[in-house]
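Engineer: Just a sequence and a predicted model for now, questions to come.
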Amino acid sequence: CPDCKGLGMKREADIRKMIPNPKLSILEGGLRYYSHIVNTPNLEWKEFSLLCELYKIPMDKPWEDLSKEEQHIILYGSPVAHQYKLVSSSGNTTHRNQVIEGMKVKLERLYRETTSDWMREYYEIFMSDHECTSCHGKRLNEAALSVRIDGKNIYEVSAMQLKDLRNWVKELPNKLSDND
């Protein structure tokens, strides 16, 4: 499967790990990834604050009291590109014209792109393994799963109990024609 690389599982940011206490607001540290940089000159915080400002998301409201739309923007980011600039504490200015990533999207991208084992372990704090939604745990692509013998694909055959598999294989010559 191209989505899970044949693992049958995908590691994805988990809302329960990103927001362990939905009674807390953003400013109270309710978003675990940003909790240590709230109201600091950190560029990630500045960019996230801008996202909230652009979409009028109140940062002093508990997560559970935010609307579904506000929660969606926080997790997945801006639906359209924005032109903005960020100024670091040292005075360096960065101009951007792009969508602003939400927390879930950012964590998954950083996890995917990092080459550091230490950072990968850090990002995993916010993640859980889930069955791949493309192959549903079968680990193969659609082309491989489309090949069938006696109505069964390779995944179904490999999942059979040995006794059932032996009986199925014994019966195959009776069920297949010379063209199969």
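Structural biologist: Cool, the structure landed.
Engineer: need the longest helix for this protein.
Structural biologist: Ranked by residue count under DSSP state H, the longest helix found in the chain is helix 162-175.
Engineer: Now do it, average pLDDT.
Structural biologist: In this model, helix 162-175 has an average pLDDT of 90.
Engineer: is it true that residue 84 touches residue 99?
Structural biologist: No: the criterion here is CB atoms under 8 Å, and residue 84 misses it with residue 99 at 11.0 Å. Where C-beta positions appear, they are placed from N, C-alpha and C, glycine not excepted.
Engineer: Identify all contacting residues around the longest helix of the chain.
Structural biologist: For helix 162-175, the external contacting residues (CB atoms under 8 Å, 6 or more residues apart in numbering) are 149-150, 152, 157, 160.
Engineer: Now do the buried residues in it.
Structural biologist: residue 168 (16 or more other CB atoms under 10 Å).
Engineer: Output that helix as CSV, restricted to C-alpha atoms.
Structural biologist: As requested, the backbone C-alpha atoms of helix 162-175 are provided in CSV (Å, rounded to 0.1, in the frame of the first residue of the first chain):
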residue,chain,number,x,y,z
LEU,A,162,-3.7,-23.6,7.9
LYS,A,163,-6.3,-26.3,7.9
ASP,A,164,-8.7,-24.2,5.9
LEU,A,165,-5.9,-23.2,3.5
ARG,A,166,-4.8,-26.8,3.0
ASN,A,167,-8.4,-27.8,2.2
TRP,A,168,-8.8,-24.8,-0.1
VAL,A,169,-5.6,-25.6,-2.0
LYS,A,170,-6.7,-29.3,-2.4
GLU,A,171,-10.0,-28.3,-3.9
LEU,A,172,-8.6,-25.7,-6.3
PRO,A,173,-7.9,-28.2,-9.2
ASN,A,174,-11.6,-29.1,-9.1
LYS,A,175,-12.7,-25.5,-9.2
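Engineer: How far away from the center of its chain is that helix?
Structural biologist: Taking the mean C-alpha point of helix 162-175 and that of its whole chain, the gap between them comes to 41 Å (CA atoms, centre = their mean, to the nearest Å).
Engineer: What of stretch 111-127?
Structural biologist: On CA atoms, centre = their mean, the centre of stretch 111-127 falls 13 Å from that of its chain.
Engineer: Report the beta-bridge partners for residue 93.
Structural biologist: residue 87 (DSSP bridges).
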